[in-house]
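[1] how would this look folded up:
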Amino acid sequence: MKKIEQRKIDNIEPGMVLGYDLRDNKGNRLMTENTQLSENDIAKLKQRGITAIHIVHHIDLSNEQQLSIENEICDHINQRFMNHDEVPEMMKLKTLLIDYRIKAIQ
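    Prediction:
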C-alpha cells in the first residue's frame, strides 16, 4: 500500500519519491508527482526555500489487509452513488472512481 506523508526537507533523502506535483506560489509546476528525488533536486528545493514536501511511503500489507481496504473503498463509493443506479453516466463514474482509488493505494 502506498501512503503519502509530509516530511521536512532536511529529512528527505535521495531516492525518495515525490507524492504530489510540486508547485511554486504562482502555480507553476516545479516537479511532477512520482519523481524520484536526487541530491541535486533536494539542493534545488532548499535553494528555493521549500521547507517540506510530500513523499510516497510504501507499507507492506498482507493480501487480507489489502482486500479489506479495497472493500472499504468500494463500500464507501457505493454508498455515495446508491441513489444513481438508473443513470448510466453515474455508474460509469462510480466504476472509474473505484478503479482510481484502488490503484492509488497499490
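[2] mind checking pLDDT for residue 85?
    On the pLDDT scale, residue 85 is placed at 82.
[3] hang on, I meant residue 52
    95.
[4] from residue 15, how far out is it?
    18 Å (Cβ to Cβ, to the nearest Å). The way it works is simple: take the backbone N, C-alpha and C, and place the C-beta from them, glycine included.
[5] cool, and residue 46?
    Distance of residue 46 to residue 15, given as Cβ to Cβ: 17 Å.
[6] more neighbours, the two?
    Shown here are residue 46 and residue 15; by other Cβ atoms under 10 Å, residue 46 has more neighbours (13 against 9).
[7] residues in contact with the closest residue to the more buried one other than its chain neighbours?
    In this structure, residue 46 finds its nearest non-sequential neighbour in residue 9, 5.8 Å apart by Cβ to Cβ, 6 or more residues apart in numbering. Contacts for residue 9 (Cβ atoms under 8 Å, 6 or more residues apart in numbering) come out as 42, 45-46, 50-53.
[8] those residues, buried ones only, as a PyMOL selection?
    The PyMOL command for the buried members of the contacts of residue 9 (criterion: 16 or more other Cβ atoms under 10 Å) is given here:
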select buried, resi 42+45+53
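[9] alright, calling it a day.
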